[in-house]
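Trainee: Only the shape, not the letters, is given here:
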C-alpha cells in the first residue's frame, strides 16, 4: 500500500467502496472457514461494519468490549442487537490510571512520557531517544519539547489503558473462540491507524485482525447509514462526534469548544462530576488544554 494508492481508494464512490469491502470480507470469511467475528463498539463505524458483514453472512457474531467507560446510550444500543457477545476487562479505569497513568494528549506522547517517568537500566537508550539525545535518529522517536513538562508534572501518563481495558478482553475472546476479528477503524482516524493500514492492508495475518473499512471516510459512513436506512446510536444526535471511552483525553486539546467534556457536562452531569473530581481528570485537562493553546 502506498500513500498514492490509499488516496485513490479514499476517493472512490460509495458503491465501489462497498463492493471492495464486501469482497475483502468474503475473502477473510472463506479463508478462515467462517470463523470470524465483528468488534462491535456501538459506534457508527462498527455499526456499518456489522451491517456489511451480516448482509453477506447473517450468523457472524458481534463482540462488545464493555469497559464501563461507554456512554449509557451506547450500552443500551448494543443490547438491541442479537448475537453479540459481551466481554469485560479485569481492571476498572480508576485501577488502570492508578497503576499505569492517565491517557492524555496522544498514544505516542503518553507512551514517551511513560518511558521517561519509569527509568531503568534496560530502557536507558529508549529514554535518550525520547529526549532527542541519540544523533541521526528520527524526530518521531523524540518526545516533543511542548509536552516534556508532563514528565515532571506529578501525574503519571500512559497509553496502556486501551490495551488493558479493550484490547486484552478482545484478544482473550479471539483466543478462546478461535475467531479472527474484524474492526471498523479507518486510516483517516489517526496517523497511527494510517501507518498500520499502509503496512498490512485490510487484514493482518499475524494478529488475525481485519479492517475492511480502513480506506473509507466519515462521510462514507453516514452516506451508508442513510443509503441502507440502518439505525445508529442516539448519542450522535446530541452533538457527540466520537463514542469511544468517555473519559479518554487523547486528542481533546485539538478540539474546538465545546469539546467532548463540555458536552458530557451538559448531557451526563453525574458522569462528568465523577470523572472530573473522583478520577482527577480536571487537573489533567487544566494542564494539557492550557499547553494545547500555545
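Mentor: Thanks, I have the structure now. In this text the structure is predicted, and so the values were computed from the model without any measurement.
Trainee: Residue 185 sits in which helix or strand?
Mentor: Using DSSP states H and E, no element contains residue 185; it sits outside every helix and strand.
Trainee: Next, count neighbours for it.
Mentor: Counted with other C-beta atoms under 10 Å, residues neighbouring residue 185 total 20. Backbone N, C-alpha and C define where each C-beta goes, glycine included.
Trainee: mind showing which ranges of this structure have poor pLDDT?
Mentor: The model of the chain has pLDDT under 70 over residues 291-294.
Trainee: Show me where it has its strands.
Mentor: 36-39, 61-65, 84-87, 104-105, 180-182, 203-204, 209-210, 249-250 (DSSP state E).
Trainee: Check those for me and report the most buried one.
Mentor: For the strands of the chain, the stretch with the most neighbours on average is strand 104-105, a mean of 26; neighbours defined as mean count of other C-beta atoms under 10 Å.
Trainee: Next, the residues that contact that strand from outside, please.
Mentor: The contact list for strand 104-105 (C-beta atoms under 8 Å, 6 or more residues apart in numbering) reads 110, 147, 150, 157, 249-253, 284, 288.
Trainee: what does stretch 60-67 give?
Mentor: Defining contact as C-beta under 8 Å, 6+ apart, one finds that stretch 60-67 is touched by 29, 34, 36-42, 50, 53-54, 75, 78, 81, 83-89, 93, 165-166, 169-170, 173, 177, 179, 181, 245.
Trainee: between the strands of the chain, which one is nearest to residue 143?
Mentor: strand 104-105 (10.2 Å; C-beta to C-beta).
Trainee: Need the contacts of strand 104-105 in CSV (columns: distance to residue 132).
Mentor: Converted to CSV, these look like this (distance: C-beta to C-beta, whole Å):
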residue, distance to residue 132
110, 18
147, 13
150, 16
157, 19
249, 25
250, 23
251, 24
252, 26
253, 22
284, 25
288, 21
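Trainee: Would you check which pair of those residues lies furthest apart?
Mentor: In these, two members sit farther apart than any others by C-beta to C-beta. They are 150 and 251, at 15.4 Å.
Trainee: These two: which has the busier surroundings?
Mentor: Taking neighbours as other C-beta under 10 Å, residue 150 and residue 251 compare with residue 150 leading, 27 against 17.
Trainee: got the contact list for the more buried one?
Mentor: By C-beta under 8 Å, 6+ apart, the contact list for residue 150 reads 104-105, 109, 113, 157, 287-288.
Trainee: Select the longest helix from this structure.
Mentor: The helix that spans the most residues within the chain, counting by DSSP state H, is helix 14-31.
Trainee: Give me the helices and strands touching it, please.
Mentor: Packing partners of helix 14-31 (3 or more C-beta pairs under 8 Å, 6 or more residues apart in numbering; DSSP states H and E): helix 44-56, strand 180-182, strand 209-210, helix 218-228.
Trainee: run the last query once more with 6 Å
Mentor: Contacting helix 14-31 under the criterion 3 or more C-beta pairs under 6 Å, 6 or more residues apart in numbering; DSSP states H and E are the following elements: helix 44-56, helix 218-228.
Trainee: Could you dump the ones you listed into JSON lines and include mean neighbour count?
Mentor: Shown next, in JSON lines, are the helices and strands packed on helix 14-31 (neighbours: other C-beta atoms under 10 Å):
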{"stretch": "helix 44-56", "mean neighbour count": "21"}
{"stretch": "helix 218-228", "mean neighbour count": "15"}
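Trainee: Same list, those helices, but as a markdown table with distance to residue 239 please.
Mentor: What follows is the helices and strands packed on helix 14-31, written out as a markdown table (distance: least, C-beta to C-beta, whole Å):
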| stretch | distance to residue 239 |
| --- | --- |
| helix 44-56 | 14 |
| helix 218-228 | 15 |
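Trainee: Go ahead and confirm residue 181 touches residue 39.
Mentor: Yes - the criterion here is C-beta atoms under 6 Å, and residue 181 meets it with residue 39 at 5.3 Å.
Trainee: Would you point out which residue is most central in the chain?
Mentor: Nearest to the geometric centre of the chain sits residue 244, at 6.7 Å (C-alpha atoms, centre = their mean).
Trainee: Please report phi then psi for that one.
Mentor: Backbone torsions for residue 244, taken as degrees, to the nearest 10, come to phi -70, psi -160.
Trainee: I'd like to know how far residue 275 sits from residue 79.
Mentor: Per C-beta to C-beta, to the nearest Å, residue 275 is found 23 Å from residue 79.
Trainee: Those two: which has the busier surroundings?
Mentor: residue 275 (22 against 11).
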